[in-house]
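> coords below, sequence missing:
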C-alpha cells in the first residue's frame, strides 16, 4: 500500500488501535478515526499526535471516503460506519492483519502472551532491547513511561509486541496473536478469562496451544512454570522451552527477594547458579517474575547482563499499572488496570508491601466481560477481602449480561464481610466520591481498579479531597 493512502480506524481509542494509528501516521499514511467515547490516556495520546478522532460513530465520519478501514475488534454489526463500509464495499481489514502486513514482515518477532502481565513484561523487554542499543520496534497495550508512548518504529531487526488472546474482528473470531507468527514467545500465565468469547478454560488453552505451535524450531519460548494449563500448552512446542518459576524444573529462579517501600531487589539463579542481581522501582512479586522473564529472553538474544541490569534499574512502569494519580492531604490515590481476581490479588499484595502502615481501600468497577459475570465470583470475593475497605460500583452495563450469568454483587459483599472486612456497593463514581472522600484520613491508600474510564473518578476524587481540605480550613 502506498503511503499517500487514507486509512480510517473504527474504534480508534482502544489501546492497540490508538497505537496502530500512531504507527501508520509515522509511516506516512493519512490517518483518521472514530469511537463512541474517548478517555485518557489514549485520547490524550491521539491528541498529542494530531490524529482526528470523531465522536460518536456516524456515517459522515467516512467522508471523504477512505482507501482502507481498520475495524476494531469491539466493533460489531449494527455499527453505522461498519454498515456503510459493507454496503459500499469500502476495503477493510483487522488490526492484526494490517499490523502483520505493514510492520512485521521481515522482522524478528517477539511476542509476550498470557492472561496476566503482558503489558508490563512487553514494556520491560522493549526497554531492555532499547537500552542495549538494538533500536527495536514495539507495540504495547499501554503507555510505557520510559518511551512516553505505546509504540515505536526502530531501525533494528526486532519487533516486540504484546500478544492478545482476544478475538480479532467481527469477521475473524480467532485470537489476535495467531496473526503475528512469532519467532519467540514469553508465556506469563494461562487462566480462564474473556468469558464473552471463551466457553471455558479448555477453549482458552486451545488458543495458547496454537500460539505455542506457531513458534519455529529455531525460536524459543520462555514460560512461567505454574499450573497444568501451561504444561498442556507447552506440549505443542517444537522449539526449546525455558521455564521460570519456583519449581525444581525451572531454569530461572529467584532468591534474595526484598520488597521494600521504595525499591525492589532480587537475584536470579540460572540452572542453579547465581546469574545476576537486579533492582527496580516497581512493587509486587509478580513484577519481579515479569522482569525475570524479560531478562531470560533478552539473554537468549545475546544481550549482556549489564545492559539488562541497567534497563531494569531505570524501568519506569506503564500507565495505569500501580500508577500514583494523586497525593492529597496525605492520602494516596492509585490507578490500576486489574480486572481479574488473580490480578487483583497481586495488586493488593504489592500495595501491602509498598505501604505496610497504611489502611488500604480498594474501589472496583466490574467492567470487563469476565468481571461482569459470576464465573469467577468466589475468587473475586477472596481477592478483594485482602483489602481493609472495599467499595464495589454497580456493574457496568449490567443489562448486557444475562441475569443467570451476571455477577451477584450482594453475594460478593457478603463473602468479603465474612472475612471481617468492610465492604459495600455504591452506584457510580459520583456516589463513591461523595461517600468515601469524607471518610479518608492521612496515610490511607485508595486503589481504583477498572479497565475503563470509571466515570472520571480518577480526577473527581482528588478534587473532592482538595475541596474538603479548603472547606475545613
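That came through, no problem. These numbers were taken from a predicted model, which means no experiment stands behind them. Numbers count the residues shown, from 1 in each chain.

> which residue is nearest the middle of this structure?
Nearest to the mean C-alpha position of the chain, by C-alpha atoms, centre = their mean, lies residue 119 at 4.6 Å.

> so who does residue 213 touch?
Residues in contact with residue 213 (C-beta atoms under 8 Å, 6 or more residues apart in numbering) are 236-238. Just so you know, the C-beta spots here come from the backbone N, C-alpha and C atoms, and that holds for glycine as well.

> mind showing which ranges of this protein have poor pLDDT?
For the chain, the stretches with pLDDT under 70 are 1-3, 39-41, 472-473.

> which residues of it fall in helices?
In the chain, the segments counted as helices under DSSP state H are 15-26, 42-49, 80-88, 95-99, 118-131, 201-214, 228-234, 285-300, 305-313, 341-354, 377-384, 409-418, 429-436, 457-472.

> can you list the ones you listed in TSV and add distance to residue 61?
Output for the helices of the chain, formatted as TSV (distance: least, C-beta to C-beta, whole Å):
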stretch	distance to residue 61
helix 15-26	14
helix 42-49	14
helix 80-88	6
helix 95-99	18
helix 118-131	29
helix 201-214	32
helix 228-234	41
helix 285-300	38
helix 305-313	41
helix 341-354	35
helix 377-384	38
helix 409-418	37
helix 429-436	28
helix 457-472	28
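
> Just say which of those is most tucked in.
Stretch with highest mean neighbour count among those: helix 118-131 (a mean of 28; mean count of other C-beta atoms under 10 Å).

> So which other helices or strands are in contact with that helix?
strand 108-113, strand 137-144, strand 158-163, helix 285-300, helix 305-313 (3 or more C-beta pairs under 8 Å, 6 or more residues apart in numbering; DSSP states H and E).

> is it possible to export those to CSV including distance to residue 386?
Shown next, in CSV, are these (distance: least, C-beta to C-beta, whole Å):
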stretch, distance to residue 386
strand 108-113, 27
strand 137-144, 24
strand 158-163, 27
helix 285-300, 14
helix 305-313, 27
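
> Give me the domain ranges for the protein.
Following automatic domain parsing, the chain resolves into domains at 6-94, 106-313, 323-472.

> what about the longest one, start to end distance?
This points to domain 106-313. 32 Å (C-alpha to C-alpha, to the nearest Å).

> any idea how far the closest residue to residue 56 other than its chain neighbours lies from residue 98?
Spatial nearest neighbour of residue 56, excluding adjacent residues (C-beta to C-beta, 6 or more residues apart in numbering): residue 36 at 5.1 Å. Using C-beta to C-beta, to the nearest Å, residue 36 is found at 22 Å from residue 98.

> Could you do residue 68 as well?
Distance, residue 68 to residue 98, using C-beta to C-beta: 8 Å.

> And for residue 158?
20 Å.

> Likewise for residue 245?
Taken as C-beta to C-beta, the span from residue 245 to residue 98 is 36 Å.

> Also residue 310?
35 Å.

> so who does the residue lying closest to residue 129 once chain neighbours are set aside touch?
Once flanking residues are discounted, residue 129 sits nearest to residue 136: 4.1 Å by C-beta to C-beta, 6+ apart. When contacts are counted by C-beta under 8 Å, 6+ apart, residue 136 touches 126, 129-130, 152, 154, 156, 158-160.

> ok, of those residues, which one's closest to residue 82?
Checking the contacts of residue 136 against residue 82 by C-beta to C-beta gives residue 159 as the nearest, at 28.9 Å.
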